[in-house]
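Peer 1: turn this into a structure:
(one chain, ligands or ions: 2)
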Amino acid sequence: MVMDLKGKVALVTGGAAGIGKAYCEELLKFGAKVSICDIDDSAGEDLAELWRNKYGPNRAIFCPCDVTDYPQFEEAFQMTLQKLGGLDIVINNAGIFNDRFWELEVDVNLNGIIRGTLLAQSFMGVDRRGGTGRGGTIVMTASTMGIVPNPAVPIYTATKHAIVGFARAMGDQFHQSQSGIRVIALCPGPTQTTTTVESMRSALLSDKYDALFKRDLASMNFQSAQSVGQALIHVLQKGTSGSVWAVENNQIPREVKFPVNYY
Ligand SMILES: NC(=O)C1=CN([C@@H]2O[C@H](COP(=O)(O)OP(=O)(O)OC[C@H]3O[C@@H](n4cnc5c(N)ncnc54)[C@H](O)[C@@H]3O)[C@@H](O)[C@H]2O)C=CC1
Ligand SMILES: CCCCCC(=O)CC\C=C/C=C/C=C/[C@@H](O)[C@@H](O)CCCC(=O)O
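Peer 2: Numbering: from 1, shown residues only. Ligands and ions are numbered 1, 2, ... in the order given. This is a model prediction of the structure:
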């Protein structure tokens, strides 16, 4: 399936920085309009203005949006539809790395993605009234830690494994045939963003995990956020519903195959 992104409307959570910002920029280059949904009002407003100047007056908006706050998240969907005139792609990307504040981490990383997916279904589903009724695509940012566990960050790992399972289940043909919505998970490996190594170390559940985390970090290669943005375009063009993709070391993304089948 080749998706023409020109004129498509994409809502991106966590779009004001890091990987989300890179997704927005690549989508804009391919002719899409973007709705930056983020808790960082100042960065989001500034970026939207910058991109309106660069790509055109109706190409980017900012919507204040905390993915842990369902009513505010819903308002962001409504504002996107109203101001950009449609909704075709929802990128559930907002995430934090903080096992010390693990309840918040679960609420942002997992519950936030569930909220965004349920909202995307009601605003894009062909089986729903009140939205576009046109179907669309949902992409969820998981992590390579959603495929291979990292014992230094067990709760972060759990949220990302849950996202992979959620994308595979929601992307099943059963759901796609009812809603007309394709669901894909994208799993970046270590990526240079606004997250710092120091902030990550202070976010470990126990100081006892520090040496293990440091050892893992030493063997990590950090790719650019732009290469993850480019990977998004690749999976939008090539990904089937329920597929899971990994992107590491600035390479082209590869589909992850799950050999085990219990049914
Ligand atoms: N940086 C990395 O190495 C990797 C990151 N990821 C995932 O990519 C996603 C983005 O991470 P980064 O770009 O590294 O982070 P980042 O910290 O650079 O950017 C995250 C953005 O999300 C926003 N945000 C945080 N909490 C939010 C909330 N409750 N509601 C709405 N927006 C919120 C922040 O304001 C920020 O603009 C996360 O889901 C992360 O787990 C996955 C694999 C690797
Ligand atoms: C919320 C983001 C963390 C997500 C972590 C993962 O999912 C797996 C990747 C693990 C570590 C990533 C760390 C990222 C740090 C970068 O932002 C950057 O600060 C590291 C720069 C290191 C270097 O260039 O030497």
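Peer 1: what parts of the stretch 101-250 of the chain come near ligand 2?
Peer 2: When proximity is defined as Cβ under 6 Å from any ligand atom, the stretch 101-250 of the chain approaches ligand 2 at 143, 145, 190, 192-193, 195-197, 200, 222. Heads up, the C-betas are built off the backbone N, CA and C, glycines and all.
Peer 1: nearest the middle, which residue of the chain would you pick?
Peer 2: Among the residues of the chain, the one closest to the centroid is N93, at 2.3 Å (Cα atoms, centre = their mean).
Peer 1: of the residues of the stretch 101-250 of the chain next to ligand 2, grab the buried ones for PyMOL.
Peer 2: Buried subset of those, written as a PyMOL selection, criterion 16 or more other Cβ atoms under 10 Å:
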select buried, resi 143+145+190+193+195+200
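Peer 1: the residue nearest to the centre of the chain and A16 touch, don't they?
Peer 2: No - judged on Cβ atoms under 8 Å, N93 makes no contact with A16 at a distance of 10.7 Å.
Peer 1: got a markdown table for the residues of the stretch 101-250 of the chain next to ligand 2, with distance to I114 too?
Peer 2: A markdown table is the format used below for these (distance: Cβ to Cβ, whole Å):
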| residue | distance to I114 |
| --- | --- |
| S143 | 17 |
| M145 | 19 |
| P190 | 25 |
| Q192 | 28 |
| T193 | 23 |
| T195 | 23 |
| T196 | 28 |
| V197 | 29 |
| M200 | 24 |
| F222 | 29 |
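Peer 1: can you redo the residues of the stretch 101-250 of the chain next to ligand 2 as JSON lines with pLDDT and secondary structure?
Peer 2: What follows is those, written out as JSON lines (pLDDT from 0 to 100; DSSP: H, G, I helix; E, B strand; the rest coil):
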{"residue": "S143", "pLDDT": "98", "secondary structure": "coil"}
{"residue": "M145", "pLDDT": "97", "secondary structure": "helix"}
{"residue": "P190", "pLDDT": "96", "secondary structure": "coil"}
{"residue": "Q192", "pLDDT": "96", "secondary structure": "coil"}
{"residue": "T193", "pLDDT": "96", "secondary structure": "coil"}
{"residue": "T195", "pLDDT": "86", "secondary structure": "coil"}
{"residue": "T196", "pLDDT": "87", "secondary structure": "coil"}
{"residue": "V197", "pLDDT": "85", "secondary structure": "helix"}
{"residue": "M200", "pLDDT": "89", "secondary structure": "helix"}
{"residue": "F222", "pLDDT": "94", "secondary structure": "coil"}
